[in-house]
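> Sequence below, structure please.
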Amino acid sequence: MLQNNALLAQLKQQIRENTPRVSGVIKATEKGFGFLETDDGESYFVPPPAMKQVLHGDRVEAVLHEDGERKSVEPDTLIETNMERFIARVQKRDGRLAVVPDHPSIKNVLKARIKRGIDENDIGNGDWVVARLVRHPLKPDDRAFFTQIDELVAKVDNPAVPWRVTLARHALEQECPDAGSDWTLRDEGLTREDLTAVPFFTIDGEKTRDMDDALSIEPREQGGWTLSVAIADPTAYVEEGHAADLEARTRAFTVYLPGQNVTMLPEQLADDLCSLHQDQERPVLACSLEINADGSLGGYRFFAATMRSHARLIYDQVSNWLEDEGQSEYTPADNIAAQLKLLRDMTEARSAWREQHALVFKDRPDYVFDLDEAGNVLAIRTEERRIANRMIEESMIAANACCADLLATHVGHGIFNVHHAFDNDKAEAAQNFLASQEIAVECDALTDLARYKELKRALESRDDAWLDARLRKFQGFTSMSAQPGPHFGLGLPAYATWTSPIRKYGDMVNHRLIKRVLKGEQAPAEASQQLTEQLTERRRLNRMAERDVKDWLYVRFLAPSAVSGEAFDAEIIAINRGGMRVRLTANGATAFVPAPLMHADRDKVVVDDKEGRIQIEGEERFKLGDQIQVVLTEAREETRSLVARPAA
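Numbers count the residues shown, from 1 in each chain. I've put the predicted structure just below:
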């Protein structure tokens, strides 16, 4: 018997080796069939019967069938599934329990059981749960899909569903940490300078509670300014290795969602003891920056201090006063008013210097959601990057550049934000693309900071939105690194943040290193790769969570606009084989414009996703970066997506 089984296995292996096979990722369609897309860009048809054995996103190996020029595949081996853990809706019918994954491309109803310890009576039809796939038809000895419900996320009628489901999807914490309430100022062996008489001020949003930076500025006799930056000091309360520190390390960042913040540190620290409230003495880590009249950085000095904020200012009030002096209802106190004018002048000089010697991001507005207590969107406001926002931004960039220099010079490591404009494996492709646009550059110009800055300024002078959008496809992302490295986005040789320690764990790490330098102590070993990778990944997850909640709220808010067919100005931000994605200028929402909605005859629509261009009836009609007008046609809450068509 054993010999027969061995012979059968050997025969199967021989058949397998002599049968053409391909591997790739399954892409499902709404019509029951699908495609297997290989890593090298090939696409093979998967017929409906075979699709019943796989899920969208599965990486599989499949048998290749060829019938003349027609090719199809039959998946038979599961390599990897992305359904190890997923969000789903509960489906209860005739006493049978099942789940439907919350994914726009997965419509499968999967049989389910409930994890031991969860009362089935607590879970009802339509509830949101965390589930995982425990059986898959392509796994050995498995005949069908089967799942297990591991956690109830939210009842179907819970008004907090968008927030709870999104946080659970990305495995992020639902609540602020609770790590005790007995917080006392630690004796760290630091000499704290008394700055309580210095008229520091904060500028934040009206609802901000975790205020972590305060400024004071004065003119220098030789020209330029002395800018004092005082930063909240949570490490003065939280010792490394404390439960609150370990929890902050895990969370890495405060999660900012519309209508809800999930803090990195306990709220008593984040919003009270460490927050730089007006008229309250606070321990801080400070830096005095010498800024020359041309905006360049001179010397700097880090030190520990005790300070008191003399004024809590609001972005819009400060901008109104500075931009329309004499007409604004708000008027700051005289000692603060004089500083605001100095800070404005310093900001303009610093910004001009960075435009010439570094790089400056293009201003994009922020979109603020006004919500009622039930989480309903009352309005979405556009907040432009006005002078007060720029004043804080320029001050923090300068302070963080000084931190990077201090750590690189005196420690040799820290938590640095490193951004290479083009990864080595994409630099050649970017060079070829630029050459196709008659822009001749050497490959070294894409990976050398000084030469890249020259190229970037030259490209920006062209004011070509399509070129900018296409080039971004080749560019890399910012990552956290223990070693200093260039930040191509800012055009700086190194960049390390320390100005947001209430909300960023990497900033707490840098605070502790700065304090070591101040005390003349030897620095500990550099941060592990595991920590820097975790910080990078957590930042990515936080941004995805913010995007997902906003998408949900956008769909709810714009549902009436889809019913009425309201038109919106929009910018084309992506083009793929199925159509184009646009961003609505009025509120920041993104919508998809399917190719069939661009023309009554789909065959007359030619989408070039590689070039980012769309032709209709042989003429180019749309390209990346174009400003167009679209009409909303659908607001699909089940997929949190908006659908639109061109207005004309």
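
> Tell me what Arg135 is bridged to.
Beta-bridge pairing of Arg135 under DSSP bridges involves Phe146.

> Sketch out the strands for the stretch 501-648 of the chain, chain order is fine.
When assigned using DSSP state E, counting those that start in this stretch, the strands of the stretch 501-648 of the chain occupy the ranges 567-576, 579-584, 590-594, 605-608, 613-616, 619-623, 627-636, 641-646.

> Same list, those, but as CSV with mean pLDDT please.
Output for the strands of the stretch 501-648 of the chain, formatted as CSV (pLDDT from 0 to 100):
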stretch, mean pLDDT
strand 567-576, 96
strand 579-584, 97
strand 590-594, 97
strand 605-608, 95
strand 613-616, 96
strand 619-623, 96
strand 627-636, 97
strand 641-646, 97
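
> okay if I get these as JSON lines plus mean neighbour count?
Backbone N, C-alpha and C define where each C-beta goes, glycine included. Supplementary listing: the strands of the stretch 501-648 of the chain in JSON lines, determined by neighbours: other CB atoms under 10 Å:
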{"stretch": "strand 567-576", "mean neighbour count": "18"}
{"stretch": "strand 579-584", "mean neighbour count": "23"}
{"stretch": "strand 590-594", "mean neighbour count": "21"}
{"stretch": "strand 605-608", "mean neighbour count": "17"}
{"stretch": "strand 613-616", "mean neighbour count": "19"}
{"stretch": "strand 619-623", "mean neighbour count": "15"}
{"stretch": "strand 627-636", "mean neighbour count": "18"}
{"stretch": "strand 641-646", "mean neighbour count": "22"}
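
> Make CSV out of those and add distance to His419.
What follows is the strands of the stretch 501-648 of the chain, written out as CSV (distance: least, CB to CB, whole Å):
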stretch, distance to His419
strand 567-576, 20
strand 579-584, 23
strand 590-594, 24
strand 605-608, 29
strand 613-616, 28
strand 619-623, 27
strand 627-636, 28
strand 641-646, 30
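
> closest one to Asp279 among those?
Evaluated over those, closeness to Asp279 peaks at strand 579-584, with 42.1 Å, by CB to CB.

> gap between stretch 113-129 and the chain center?
Remark: stretch 113-129 is offset 32 Å from the chain centroid, using CA atoms, centre = their mean, to the nearest Å.

> Compute the number of surrounding residues for the closest residue to Asn292 other than its chain neighbours.
The shortest distance from Asn292 to any residue other than its chain neighbours is 4.5 Å, reached at Gly224 (CB to CB, 6 or more residues apart in numbering). By the other CB atoms under 10 Å criterion, the neighbourhood of Gly224 contains 19 residues.

> Same check on Glu384?
Residues within reach of Glu384, counting by other CB under 10 Å, total 11.

> can you give me the strands for the stretch 51-200 of the chain?
Here the stretch 51-200 of the chain has its strands, by DSSP E, counting those that start in this stretch, at 59-67, 70-80, 86-93, 96-101, 110-114, 128-135, 146-154, 193-204.

> Show me what the third one is in contact with.
In this structure, residues lying in contact with strand 86-93 by CB atoms under 8 Å, 6 or more residues apart in numbering are 97-103, 109-110, 112, 123-133, 147, 149, 153, 165, 168-169.

> Only whichever of these are buried, select them in PyMOL.
Listed next is the PyMOL selection for buried residues among the contacts of strand 86-93, using 16 or more other CB atoms under 10 Å:
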select buried, resi 97+98+99+100+101+102+103+110+112+123+127+128+129+130+131+133+147+149+153+165+168+169
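
> low-scoring stretches of the stretch 201-350 of the chain, by residue?
Along the stretch 201-350 of the chain, the model assigns pLDDT under 70 to residues 325-327.

> coming back round to it: closest one to Thr202 among the strands of the stretch 501-648 of the chain?
Evaluated with CB to CB, these place strand 579-584 nearest to Thr202, the distance being 31.8 Å.

> Tell me which other helices or strands the closest one touches.
In terms of contact count using 3 or more CB pairs under 8 Å, 6 or more residues apart in numbering; DSSP states H and E, strand 579-584 is assigned the packing partners strand 567-576, strand 590-594, strand 627-636.

> Pull up the pairing partners for that strand, direction included.
Per DSSP bridges, strand 579-584 is paired in its sheet with strand 567-576 (antiparallel), strand 590-594 (antiparallel).

> distance between the longest one and the chain's centre?
Spelled out, that is strand 567-576. On CA atoms, centre = their mean, the centre of strand 567-576 falls 20 Å from that of its chain.

> do the shortest one as well
The chain centroid and the centroid of strand 590-594 are separated by 20 Å under CA atoms, centre = their mean.

> Format the strands paired with strand 579-584 as CSV; extra columns: distance to Ala559.
Conversion of the strands paired with strand 579-584 to CSV gives the following (distance: least, CB to CB, whole Å):
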stretch, distance to Ala559
strand 567-576, 14
strand 590-594, 13
